[in-house]
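> let's see this in three dimensions:
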Amino acid sequence: MRSITEQFTLEKGGYGMCYIRLTDAHFKVLSQGGNKRITIKVGPSDKVHLAMRPKTNLGHLLTVGTRSCKKLGIAVGDTFQATVAIDTSEYQFEFPEVFGEVLRTDLLANKAFENLTKGMQRSLLSYILAVTSEQKQIERSLKIADLLSQGITKRSEIQEYLKNKA
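Numbering: from 1, shown residues only. So this is what the prediction gives:
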C-alpha cells in the first residue's frame, strides 16, 4: 500500500503555512525508502505535490501552502476526504509546460537543469509557477534557462539574479 484515503483536517501553522497531521502509521507507509514527497488529491481537484516533515512536537506533518490550499479547495479548519500517495513523479513537483518547451529548445539549459539537485529543481519550478499569467511564466522560464546556459547554477547566484531582475 503506497497510498492512503482517509479524513484529514487542515490546521494553521506559522509563517503563512498550514499543515495536515499524519499518524505514525501513515508516516511509515508514506516514508518508505526514505521518501519525503507526496501527492494529495481532494475530490475532483487536481493532485498537488507536498513535502512531508519528520516528527515534530505536533507529530508528522504535510506542509500546505496557500496556493496548494486554493488548488485543493480547502481552508483552515476544514475536514475532508483525501488520497495521499508517495510522489513517484520525476521532479516530485508540478512541471510548468512552458518551462518544458524552453528546455526542449535550449539543450545547454536542459543539461544544466538536469544536473541540479532535486531541491534546486523544485525551487526553480516553484518560482515559475508562483505567477499565474502564462506570459509571466514564459518570461521566468526564459530567464532561468538563460542563467543555466551561462553556467550559473549555484542557488545563491540564481536567487540574487532573480531578486534583482524580478
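> list the contacts of the most centrally placed residue in the chain.
For the chain, Phe93 is the residue whose C-alpha lies nearest the centre (Cα atoms, centre = their mean; 4.3 Å). Residues in contact with Phe93 (Cβ atoms under 8 Å, 6 or more residues apart in numbering) are 37, 49, 121-122, 125-126. For glycine as for every other residue, the C-beta is placed from the backbone atoms N, C-alpha and C.
> now do the SS call for Gln7.
Following DSSP: H, G, I helix; E, B strand; the rest coil, the label given to Gln7 is strand.
> and the host helix or strand of Tyr161, what other elements does it pack with?
For Tyr161, the host element (DSSP states H and E) is helix 155-165. Helix 155-165 makes packing contacts with helix 118-129, helix 134-149 when contacts are defined by 3 or more Cβ pairs under 8 Å, 6 or more residues apart in numbering; DSSP states H and E.
> for those, give me TSV that also has mean pLDDT and mean neighbour count.
Listed next are these as TSV, based on pLDDT from 0 to 100; neighbours: other Cβ atoms under 10 Å:
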stretch	mean pLDDT	mean neighbour count
helix 118-129	90	17
helix 134-149	93	18
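> nearest to Lys111, out of the ones you listed?
Between Lys111 and the helices and strands packed on helix 155-165, the shortest separation by Cβ to Cβ is 8.4 Å, and it involves helix 134-149.
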